[in-house]
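Engineer: Return a 3D structure for these sequence lines:
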Amino acid sequence: MTAQPQRSRWLRNFHPAPNARIRLVCFPHAGGSASYYFPMSAALAPEFNVYGVQYPGRQDRHSEPFVETIDDLADQVFTALTALPEQPTAFFGHSMGAVLAFEVTRRYESLSGRRPVVVFASGSRAPSRYGDEWERKSDTDLIDVMRDLGGTDPRVLNDPDLLSTFLPAFRNDYRALQAYHRGTDVAVHAPIVVMSATDDPKTSEDDARAWLQHTSGGGQVHLFTGGHFYLEKQPQKVIEVVTQTLRDVG
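Structural biologist: Below you'll find the model as predicted:
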């Protein structure tokens, strides 16, 4: 029997749109959770059926152990997605989520014979641009990284109790991402739409454009301003790009 998506530990369907032509699966950033995509889901429904991936170790899965590597996480997300009914599907990943979307796409194409209609790689260096910054960081160092990236309420960063809730997930994901690397010979067939901010402190325009070296399906590059979490600064422009892209591929 096919699992009911809304009951999946891995997937959150905040605004069900069962008649939508395309399903959009959204992968959160390091330390993030499925609820980050609640606004995007609200904006895209009911034209598109949006799912947010919920990683272990956060929110309603806080009691579950973290998954420590990108490969293991991609394996488990891929398994969860195969329980969904077959339908044209697109992936959207921000920051670490972009890398995870890429790895899940690889598994989709090689193991299931299916192919996402498009992959949105947002706020992230290309897979070939990771793997050169691995170093052990203290909690203070990680808090500084979170502050530089933005996207975390300053009240959280200044409150030890709140910070103790958010920091472990970010530490796990940051370590997994810094240990990740793929050469430019590793590519997918699905087109990749790159979305990045020109003032992102962690991703240069060149690092973002390098995503196009990881696909044989072509793609586009859309540049914004607003820092690493430009999605929160320019939500309408982001929705316009996603909507038009999905309409074009649908």
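Engineer: Now do the contacts for the closest residue to His94 other than its chain neighbours.
Structural biologist: Spatial nearest neighbour of His94, excluding adjacent residues (Cβ to Cβ, 6 or more residues apart in numbering): Ser122 at 4.3 Å. C-beta coordinates here come from the backbone N, C-alpha and C atoms, glycine included. Taking Cβ atoms under 8 Å, 6 or more residues apart in numbering as the definition of contact, the neighbours of Ser122 are Phe92, Gly93, His94, Ser95, Gly97, Ala98, Val194, Met195, Ser196, Leu231.
Engineer: Got the phi and psi for Ser122?
Structural biologist: Here the main-chain torsion angles of Ser122 (degrees, to the nearest 10) amount to phi -110, psi 140.
Engineer: Quickly list what it is bridged to.
Structural biologist: Beta-bridge pairing for Ser122 (DSSP bridges): His94, Met195.
Engineer: quick one: which of the contacts of Ser122 is nearest Phe78?
Structural biologist: For Phe78, the nearest member of these is Gly93. The distance, counting by Cβ to Cβ, is 13.5 Å.
Engineer: Give me the neighbour count for that closest one.
Structural biologist: Burial of Gly93 is recorded as 26 neighbouring residues (other Cβ atoms under 10 Å).
Engineer: cool, and Thr140?
Structural biologist: By the criterion of other Cβ under 10 Å, Thr140 has 7 neighbours.
Engineer: Am I right that it sits in a helix?
Structural biologist: Yes: assessed by DSSP: H, G, I helix; E, B strand; the rest coil, Thr140 belongs to a helix.
Engineer: Give me the distance between it and Arg209.
Structural biologist: Distance of Thr140 to Arg209, computed by Cβ to Cβ, to the nearest Å: 33 Å.
Engineer: that older thread, go through the contacts of Ser122 and name the one nearest Glu64.
Structural biologist: Of all the contacts of Ser122, the one sitting nearest Glu64 is Gly97; the distance, using Cβ to Cβ, is 18.5 Å.
Engineer: coming back round to it: let me have the contacts of Ser122 in CSV, adding distance to Met146 and pLDDT as columns.
Structural biologist: Output for the contacts of Ser122, formatted as CSV (distance: Cβ to Cβ, whole Å; pLDDT from 0 to 100):
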residue, distance to Met146, pLDDT
Phe92, 22, 98
Gly93, 19, 98
His94, 15, 97
Ser95, 12, 94
Gly97, 16, 97
Ala98, 18, 98
Val194, 24, 98
Met195, 21, 98
Ser196, 19, 97
Leu231, 16, 94
